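Trainee: Got a predicted model here, sequence first, then my questions.
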Amino acid sequence: MMNNVLKFILIEDSDDDAMLLTRALKREGFELDYQQIQTAEALRQALQDSSWDLIISDYHLPGFEAPEALQILKESDVDLPFIVVSGTIGEKTAVGIVKAGANDYIMKGNLTRLAEAIRREIREGQIRVERRKSEQALWKSEARNRAILAAIPDLMFRVKPDGMYRAVVSNEPTVKQPADPLNRQGQTLEAVLPEHLAQQTRRVIQQALDTGELQVFEQSFTIESGLVEEEVRVIKNGPEEVLLMVRDIRDRQAALRERQRSQEHLHRLNQKLEETINQRTQELRKREAQLQELSNRLTMALESASIGCWEANLRDGSCIWDQRMYEIYGIQPGTLVDYAMWLQSVHPDDRPMLERETQLMLEKDEDSHLEFRICLPDGTVRTLKSSARVRRDEAGEPLSLVGINLDITDRKRSELALKESEEKFRQLAEAIDAVFWIVDLMSGSHVYVSPAYERIWGYPIEELHENPNAWLEHLHPEDRPRIEATPAEEIFEEYNEEYRIIRSDGEVRWIRDRAFAIKNEQGQVYRVAGIAEDISDRKQTEAQLQQSNEQLLRATRLKDEFLASMSHELRTPLNAILGMTEALQEDVFGSVSDSQRQALQTIDSSGGHLLALINDILDVAKIESGQVELNLSATAIAPLCEASLKFIKQQAVNKKIELQLDLSPTLPDLLLDERRMRQVLINLLNNAVKFTPEGGRICLKVEALFAEEAPSETAPITGVRWSVEDTGIGIAPENLPKLFQPFIQIDSALNRQFEGTGLGLSLVKRLVELHGGEVGVSSQLGVGSCFTVMLPVTTPSRSQVLSPSPGLQDVEPEPEPQSSPLILLAEDNLANIQTLSSYLTAKGYELILAKDGVEAIDQAQEQQPDLILMDIQMPGMDGLEAMERIRQEPWGADVPIIALTALAMESDQQRCLQAGADDYLSKPVKLKHLVTRIEELLNRSSIQV
């Protein structure tokens, strides 16, 4: 291509396509010199002219196709780029023509790549020309070298077997030699050649003499004038002589090296050409795939958006619609539609507007965007949004209108519904007795404030439009800093504040203000809305409720103090009564007669009944005040039931009542307070024994509850049910609701016949409910009763599982002390002093006495007792302070201390242990149990020592 003049053969049967192609090339700056042909013979004639730059060929011609043209080009032995420019022929056909030898394939609808492809193929053609020139130069060089080698005679010597030069055959040698070759006669090989070459030459000479065959080898060495490369031929020239022919092969070796370099260069050019072809092919496929993907995406987008596409021919009025257009207009797909038919479907009121818009679009060449209504064949009216533009020919004359239609009927209805909703909202906001407000974050102004602002704040709404922060100025001075310091993030997420305002009339009102963020379509907060309501009445009610709660707490505290005082005042004399009775029964003060022992048993029984009454009252009070905390632990059911039955066994034996225990084989361990649950079972069993006549039967039955009606091995256990069944006197149906009420017995006659406080079942109900369970009862007069306790199965967590509570144990006889330990008794009640001192002295202990805390400290320091029994409530210094001071002294840090108190609240026990007590016993104290605890602490102390 000279001076940007493109000379090419154009194989094309369409003059219009040829005109489009040449026009596209001219726009790219080419000056064209081409010959348009349509037959194979015309192509052969045109190829006789060797000055063409390339061939551009359509794929399909009548009776002549691109593959045939490509074959003619190959047969002509003319190297010209061959580019196919055609319509859509399919990827497989395009790849096939490229593999057949075409340099590129370009679609007629996308001629923008043609100029680039032409320039590329011309460049690559020039590369091929240069490659051929290099090959021709190499061939000429080799021919020249061969001629030179043939023309220049070799340097030849006659050499004897011992390496002595006998004669020089050449007259004017041109071979470089380390010494004058014409003067070698009579010299040896070692005198002329390097040692290693001389030895090599001797071996070859001997081999030629031995075999009689021509020996050829090459050698190279360096002399002062440069590198010597030569071929040496050795042939036997008689029995005692060889002919040594030396040929200078420097040019040949250089030619070989040059040829190798040319071949490598040619190989690189071939690789580059192949890579270029592959790259162009991949780019073509990639672009076609991208175009196809873009087309698919556009189609999917239009379908998903329910957008209809159309084109209206302005010359003949015909219309082209896609599937969605037919659906929008309610017309059978495939129906021929023209402009007049379409205009007829437009709502009569909107046709003039559409015609004006179309005329403006044609005159001003601007896109059109408008909304109009259509009438479907069934009479339905729909609203459409349309966008359209004019398509013009090369001369600028309008050809057609193209555009899209979108059915926005539902959106229009939504907009109308939104307006109606906004109106209803406005009416509602104005009707409620709270301030509804909306603030725009960009401007900081109030978009809306309901009229309630004037009623609640007492100021006109106009002040907020003039000053958006006017409402803040009316806040109570104590609340304003807190409200102004509220972070913006809190308002965006969840804002809920209470504050006071000062109305225009000076009245202080409480306000609850709640706000929430309003986001736009991008998810950004652009407004904040809220409701401010007057909660002054609620605040007043809360204040009254708080005052009532405080009064209730004060009454509860007074009740607890009364119960604690009552417990102390009752337990103190009971301690002496039961203690003396126990001592008399054990013959501590001498033997007693049978009638006296019977009287003592009556005293002990009555005292025990009174103690049970006190304990029941305290338990109910503690549960009602929420002071009972369950000590939950994983508990086995069978040992719990056995221990509970053991407690009432003797009573049942005395009345000849049969006891039964029925345990399900699939019972799990339960998470419960073992002591409290034992209290529940003993209470129910005691009642059963009490109200069952002699010779009756009591059964404690425990069974697992399953999630399914028909239990299986895999069905989960959801709970456990205890049942205490008896054959007692039964309960009338009208009395069943009274059973679990405190201080109530269903029959005063029974109260006289059977002892009881009326608190047992009330305690049972409360303790079971603390465990998350429930209590039930069924009964029939004269037949018996059945009390049930149902507890859920819960899995114990690591923090809930505590050490199992100790089970009920028989009180073992106290061991006889081996020596006489010294015990300090700190007690101010003379009856208790007499009871404890008499019993402990009889058991072999030595006692010293102190009547207050100060005396107890002095006696402990002076006498160094083995153990201290410390009453808590004493005049002057009480037992708690005395224990704390003893523990602070070196001599009292390890002495065992048992706290004795008539206070029976759980908090009292904790206070005693925190003050330094090793153990805590509530009065009245069982003397046997006291001795057992004394011995345990003394034994532990002796082990530590």
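Mentor: Received, thanks.
Trainee: now for the longest helix along the chain, which elements pack on it?
Mentor: Counting by DSSP state H, the longest helix found in the chain is helix 250-304. Under the contact criterion of 3 or more CB pairs under 8 Å, 6 or more residues apart in numbering; DSSP states H and E, helix 250-304 touches helix 91-99, strand 104-107, helix 114-151, strand 226-236. The C-beta positions use only the backbone N, C-alpha and C, and glycine is treated the same way.
Trainee: want to try JSON lines for those, with mean neighbour count and mean pLDDT as columns?
Mentor: Output for the helices and strands packed on helix 250-304, formatted as JSON lines (neighbours: other CB atoms under 10 Å; pLDDT from 0 to 100):
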{"stretch": "helix 91-99", "mean neighbour count": "15", "mean pLDDT": "83"}
{"stretch": "strand 104-107", "mean neighbour count": "22", "mean pLDDT": "88"}
{"stretch": "helix 114-151", "mean neighbour count": "14", "mean pLDDT": "76"}
{"stretch": "strand 226-236", "mean neighbour count": "17", "mean pLDDT": "85"}
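Trainee: So what angle separates the directions of the helix or strand hosting residue 23 and helix 114-151?
Mentor: Residue 23 belongs to helix 15-27 when assigned by DSSP states H and E. Orientation of helix 15-27 against helix 114-151 (axes from the mean of the first three to the mean of the last three CA atoms, to 10 degrees) gives an angle of 70 degrees.
Trainee: so how far is helix 15-27 from its chain's centroid?
Mentor: 62 Å (CA atoms, centre = their mean, to the nearest Å).
Trainee: can you give me the mean pLDDT across it?
Mentor: Across helix 15-27, pLDDT averages out at 88.
Trainee: partners of whichever helix or strand comes after that helix in the sheet?
Mentor: Per DSSP H and E, helix 15-27 leads on to strand 31-37 as the next helix or strand towards the C-terminus. Here strand 31-37 has these sheet partners by DSSP bridges: strand 5-11 (parallel).
Trainee: which residues touch the strand it pairs with?
Mentor: By CB atoms under 8 Å, 6 or more residues apart in numbering, the residues outside strand 5-11 that reach it are 1, 18, 21-22, 25, 30-38, 43, 46-47, 51-58, 61, 64, 66, 69, 80, 118.
Trainee: got it, and stretch 500-517?
Mentor: For stretch 500-517, contacts defined as CB under 8 Å, 6+ apart pick out 456-459, 471, 474-476, 478-479, 491-499, 525, 527-536, 538-539.
Trainee: Leaving out sequence neighbours, find the closest residue to the residue at the greatest distance from the centre of the chain.
Mentor: In terms of distance from the mean C-alpha position of the chain, residue 186 ranks first, at 100.5 Å (CA atoms, centre = their mean). Setting aside the residues directly before and after it, residue 186 is nearest to residue 165 in space (CB to CB, 6 or more residues apart in numbering), at 6.6 Å.
Trainee: Backbone dihedrals for the one you found, please?
Mentor: phi -70, psi 120 (degrees, to the nearest 10).
Trainee: Next, count neighbours for it.
Mentor: Residues within reach of residue 165, counting by other CB atoms under 10 Å, total 20.
Trainee: returning to that earlier point: give me the subset of the contacts of stretch 500-517 lying in strands.
Mentor: Counted as lying in strands by DSSP state E, out of those, are 495-499, 525, 527-534.
Trainee: most neighbours, which of the residues you listed?
Mentor: residue 532 (24 neighbours).
Trainee: residues touching it, list them.
Mentor: 434-435, 437, 456, 511-514.
Trainee: Could you dump those into a markdown table and include distance to residue 369, pLDDT and secondary structure?
Mentor: Below are the contacts of residue 532 laid out as a markdown table (distance: CB to CB, whole Å; pLDDT from 0 to 100; DSSP: H, G, I helix; E, B strand; the rest coil):
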| residue | distance to residue 369 | pLDDT | secondary structure |
| --- | --- | --- | --- |
| 434 | 44 | 88 | strand |
| 435 | 42 | 89 | strand |
| 437 | 37 | 86 | strand |
| 456 | 48 | 88 | helix |
| 511 | 49 | 92 | strand |
| 512 | 48 | 91 | strand |
| 513 | 44 | 89 | strand |
| 514 | 42 | 88 | strand |
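Trainee: Please identify which pair of those lies farthest apart.
Mentor: 456 and 514 (14.5 Å; CB to CB).
Trainee: where does the stretch 351-500 of the chain have low pLDDT?
Mentor: 422, 429, 431, 488-493 (pLDDT under 70).
Trainee: Tell me where it has helices.
Mentor: 351-364, 409-431, 452-456, 462-466, 470-473, 480-484, 488-493 (DSSP state H, counting those that start in this stretch).
Trainee: Need the winner for burial among those helices.
Mentor: Ranked by mean neighbour count, the helices of the stretch 351-500 of the chain are led by helix 452-456 with a mean of 18 (mean count of other CB atoms under 10 Å).
Trainee: Do you know the pLDDT at residue 563?
Mentor: For residue 563, pLDDT reads 66.
Trainee: ok so, going back, show me what the helix holding residue 23 is packed against.
Mentor: Counting by 3+ CB pairs under 8 Å, 6+ apart, helix 15-27 packs on strand 5-11, strand 31-37, helix 114-151.
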